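K.L.:
okay, here's the prediction I keep looking at, along with the sequence it came from:
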Amino acid sequence: MNMKQLFFLCSMIVGLTLNAQYDMPRILSLQQQGELQDQWLKQRISTVLPNIMQREDIDMWVLIAREYNEDPVLKTMLPSFWLSARRTTMLLIYDTGDGLETLACARYDVGEVFKKAWDKDKEPDQWARLRQIIEARDPEQIAVNRSEHFGLADGLSADHYDKLMSALPEKYQSRVVSGERLAIGWLETRTPEEMVVYQQICRIAHAIIAEGLSDQVIQPGVTSTEDVVWYYRNRIQELGLTAWFHPTVDVQRANLEAKRSFSSRPGANVILPGDLVHCDFGITYLGLNTDTQQNAYVLRPGETDAPDYLKKAHQKGLQLMDILTRNFKQESTGNEILAQSLSDAKAAGLKPTIYTHPIGYHGHGAGPTIGLWDQQGGVPHRGDYPLYPNTAYSIELNTKVYLPEWEKEIRMMMEEDAFFDGERVRYIDGRQEELYLIPRR
């Protein structure tokens, strides 16, 4: 075993003792997680769903999925002890005018919410039973999850769509409509109960990032960026969490010729004193996701703080975040927010790139896209979706800053998770106001 391998093994062992040093928040047992998620589901069905169905003028929503080929929306409605759909799973939500009726065209209840509505002894054909349920309720509009532009709202397979249309009489075929905005509304809306816990989820992510961007993991001159990436992957697994994407760790320095490219992963570099170290990191816990980018400075011998020029660059990144979040206004589209924010930032002397996205049930979640790194002129369709209250976003962006001391331009890349309540944006667990120092002072 060489020195580098020995150090990396030691860093894994050290990770076991980091909780006390970084005050890792509590992580619930699997049973507690399941009980909480099931409680949230019942609350969401009774509070979130009626409002969205009325807003979109939909009185019946039909969700159908096959085992291991789950509709992304249907998957969020399964009980915690169902790790996938079973056989062909059919869920129906019907607005009676006095409340929601939630049924499962199945031989058993689907959790506590969706009640069994199929007796195979009376009607052997599941699709025929589905037709009977629909005919008995005579809905005006039957929403199904089909969408050209929003993948998360396009969960109904072609085969199941064909089977549904074949099963329905012509009268009801003409009432089948896209449930695109219904699906997005369900996925993007966060409840007060979820937001209480979301703060701790983001705090866990912040704590893991802080561990990795420290001298408990990084030995300058020995540790590479890929070592830190795999520290993060192992740490996530050790805590019983899930990584929804492979982390990125990269460096910027005065004499490093390679520029950060968004079209490919950065190469491995040994981390050195004087480096600006950047990470992009996310976890999934309790069915909710985080997405965070933070930065650290590696002190040179004799230094006790980061150079002023790097601290000023960091402040410019924070300034761009403030400009963006000030432009969050209810029912403004993602493209409108993007255009106004870019204009405001350029007027303030910044060199911005904005690529902010919704977050929640999915890392790149349902809702308005506010720029892509390679589409700063607006994003068709997904950028035209409006901003609604009680939604969460990863405020993701960068601003280019020329450093005379390095004789080059750097990107100050930053990302923090935030919540929009309809009037203002707040960071769910705060944001990185100052660069981390390696080692800490």
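P.N.:
Looks like it arrived, so ask away.

K.L.:
how is the residue lying closest to residue 360 once chain neighbours are set aside assigned, secondary-structure-wise?
P.N.:
Computed as CB to CB, 6 or more residues apart in numbering, the closest residue to residue 360 that is not its neighbour in sequence is residue 392, at 5.2 Å. C-beta here means a position set from N, CA and C on the backbone, and glycine is covered the same way. Secondary structure, DSSP: H, G, I helix; E, B strand; the rest coil: residue 392 is strand.

K.L.:
tell me, how many neighbours does residue 392 end up with?
P.N.:
26 (other CB atoms under 10 Å).

K.L.:
how far away is it from residue 91?
P.N.:
Distance of residue 392 to residue 91, given as CB to CB, to the nearest Å: 25 Å.

K.L.:
quick one: residue 69 and residue 157 touch, right?
P.N.:
Yes: counting by CB atoms under 8 Å, residue 157 is a contact partner of residue 69 at 6.5 Å.

K.L.:
neighbour-wise, which of these two wins?
P.N.:
For residue 69 versus residue 157, the count of surrounding residues by other CB under 10 Å is larger for residue 157: 16 against 12.

K.L.:
quick one: which helix or strand includes residue 380?
P.N.:
In the assignment (DSSP states H and E), residue 380 maps to no helix and no strand.

K.L.:
need the contact list for the closest residue to it other than its chain neighbours.
P.N.:
Take residue 380 and drop its neighbours on the chain: the residue closest to it by CB to CB, 6+ apart is residue 149, 7.8 Å away. Taking CB atoms under 8 Å, 6 or more residues apart in numbering, we find residue 149 in contact with 180, 380-382.

K.L.:
taking those residues, tell me the two that lie furthest apart.
P.N.:
180 and 380 (14.8 Å; CB to CB).

K.L.:
those two: which is more packed in?
P.N.:
A count of neighbours by other CB under 10 Å puts residue 180 above the other of residue 180 and residue 380, at 22 against 11.

K.L.:
show the model's pLDDT score for the more buried one.
P.N.:
Looking at residue 180, its pLDDT stands at 97.

K.L.:
surely it and residue 147 touch.
P.N.:
Yes: counting by CB under 8 Å, residue 180 does reach residue 147; the two are 4.2 Å apart.

K.L.:
common neighbours of these two, please.
P.N.:
Joint contacts of residue 180 and residue 147 (CB under 8 Å, 6+ apart) are residue 153.

K.L.:
domain parsing for this structure?
P.N.:
Listed by automatic domain parsing, the domain ranges of the chain are 3-27+192-438, 57-178.

K.L.:
closest to residue 49 out of those?
P.N.:
Judging those by CB to CB, what sits closest to residue 49 is domain 57-178, at 6.2 Å.

K.L.:
can I assume the residue nearest to residue 380 sits in a helix?
P.N.:
No: assignment of residue 149 by three-state DSSP gives coil, placing it outside any helix.

K.L.:
so where's the longest helix in the protein?
P.N.:
Across the chain, the longest stretch assigned as helix under DSSP state H is helix 30-55.

K.L.:
show me what it is packed up against.
P.N.:
Counting by 3 or more CB pairs under 8 Å, 6 or more residues apart in numbering; DSSP states H and E, the packing neighbours recorded for helix 30-55 are strand 88-95, strand 100-104, helix 180-188, helix 192-212.

K.L.:
for residue 32, find the nearest of these.
P.N.:
Once the helices and strands packed on helix 30-55 are compared by CB to CB, helix 192-212 is nearest, at 11.2 Å.

K.L.:
in terms of secondary structure, what does that closest one contact?
P.N.:
By 3+ CB pairs under 8 Å, 6+ apart, helix 192-212 packs against helix 18-22, helix 30-55, helix 225-238, strand 276-281, strand 288-289, strand 292-298, strand 408-420.

K.L.:
okay, and for the chain, where does confidence drop off?
P.N.:
Within the chain, the ranges that satisfy pLDDT under 70 run 1-22, 257-265.

K.L.:
returning to that earlier point: of all the domains of the chain, which one is nearest residue 41?
P.N.:
domain 57-178 (6.2 Å).

K.L.:
just to check, residue 135 is in contact with residue 172?
P.N.:
Yes: taking contacts as CB under 8 Å, residue 135 lies within contact range of residue 172: 7.3 Å.

K.L.:
out of the two, which sits in the busier spot?
P.N.:
A direct count of neighbours by other CB under 10 Å for residue 135 and residue 172 places residue 172 higher, at 18 against 13.

K.L.:
OK, contacts around the more buried one?
P.N.:
Neighbours of residue 172 in contact, by CB under 8 Å, 6+ apart: 131, 134-135, 139, 142.

K.L.:
those residues: which two are farthest apart?
P.N.:
Pairwise over these, using CB to CB, the maximum falls at 131 and 139, 12.4 Å.

K.L.:
roughly how far apart are the residue nearest to residue 360 and residue 64?
P.N.:
Distance of residue 392 to residue 64, computed by CB to CB: 28 Å.

K.L.:
repeat that for residue 159.
P.N.:
10 Å.

K.L.:
between those two, who's got more neighbours?
P.N.:
For residue 159 versus residue 64, the count of surrounding residues by other CB under 10 Å is larger for residue 64: 26 against 11.

K.L.:
doesn't residue 85 make contact with that one?
P.N.:
No: contact criterion CB under 8 Å: residue 64 and residue 85 do not qualify, at 9.2 Å.

K.L.:
overlap in contacts, these two.
P.N.:
residue 74.

K.L.:
list of residues touching stretch 198-211?
P.N.:
15, 18, 21-27, 190, 217, 231-232, 235-236, 239, 241, 279, 281-283, 285-286, 288, 290, 292, 294, 392, 417, 419, 428-430, 436.

K.L.:
all helices of the stretch 301-441 of the chain, in order?
P.N.:
For the stretch 301-441 of the chain, applying DSSP state H, counting those that start in this stretch gives helices covering 308-326, 334-347.

K.L.:
okay, the angle between the longest one and helix 334-347?
P.N.:
Using axes from the mean of the first three to the mean of the last three CA atoms, to 10 degrees, the interaxial angle of helix 308-326 with respect to helix 334-347 works out to 140 degrees.

K.L.:
for helix 308-326, packing partners?
P.N.:
helix 334-347, strand 352-354, strand 391-403, strand 408-420.

K.L.:
do the shortest one as well
P.N.:
Under the contact definition 3+ CB pairs under 8 Å, 6+ apart, helix 334-347 sits against helix 308-326, strand 352-354.

K.L.:
that's all I had, so thanks and see you.
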